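# build the 3D model from these lines:
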Amino acid sequence: MPEYADNFKATGMINALIEQFNQLEKEYPNQQVIILDEHQQRIRDIKKINSDFIQLTLDEAMPTIRFIHASQFNLTVKVT
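Below is the predicted model of the structure:
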């Protein structure tokens, strides 16, 4: 993911991530594209709560929800 300034809005970051994710899925149709957090945990869902907070749902047996501030947005898109 490209780096963003702390004051960049959550909407823009989420849109950029989704755009990158979709582009990689088109470029690598036979591969699995996944989104990981800074702890290498797979993210199942990302939602914008407001201009400051993002909700992440981790892909686990018991889904975990985390809320992060837009300035802490640190996710990775990986092709496997």
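
# need the per-residue pLDDT for the residue of the chain most remote from its centre.
Among residues of the chain, the one most distant from the C-alpha centroid is residue 30; the distance is 21.0 Å, by CA atoms, centre = their mean. pLDDT for residue 30: 91.

# and it, how close does it get to residue 79?
According to CB to CB, to the nearest Å, residue 30 stands 10 Å off from residue 79. C-beta here means a position set from N, CA and C on the backbone, and glycine is covered the same way.

# walk me through which strands the worst-scoring helix or strand of the chain on mean pLDDT pairs with, and which way each runs.
None of the helices or strands of the chain scores lower by mean pLDDT, DSSP states H and E than strand 64-69, at a mean of 74. Strand pairing for strand 64-69, using DSSP bridges, gives strand 53-58 (antiparallel).

# and the partner strand, which residues are buried?
Across strand 53-58, burial judged by 16 or more other CB atoms under 10 Å covers 54, 56, 58.

# same deal with stretch 64-80?
Residues of stretch 64-80 classed as buried under the neighbour-count rule (16+ other CB under 10 Å) are 68, 70, 73, 75, 77.

# nearest to residue 12, of the residues you listed?
Using CB to CB, residue 70 comes nearest to residue 12 of those, at 8.9 Å.

# quick one: low-confidence ranges for the chain?
Applying pLDDT under 70 to the chain picks out residues 1-11, 51, 62-63, 70-71.

# can you show me the helices along it?
10-27 (DSSP state H).

# what residues are up against the residue lying closest to residue 32 once chain neighbours are set aside?
Computed as CB to CB, 6 or more residues apart in numbering, the closest residue to residue 32 that is not its neighbour in sequence is residue 80, at 4.9 Å. By CB atoms under 8 Å, 6 or more residues apart in numbering, residue 80 lies in contact with 31-32, 34.

# looking at those residues, state which has the most neighbours.
residue 34 (16 neighbours; other CB atoms under 10 Å).
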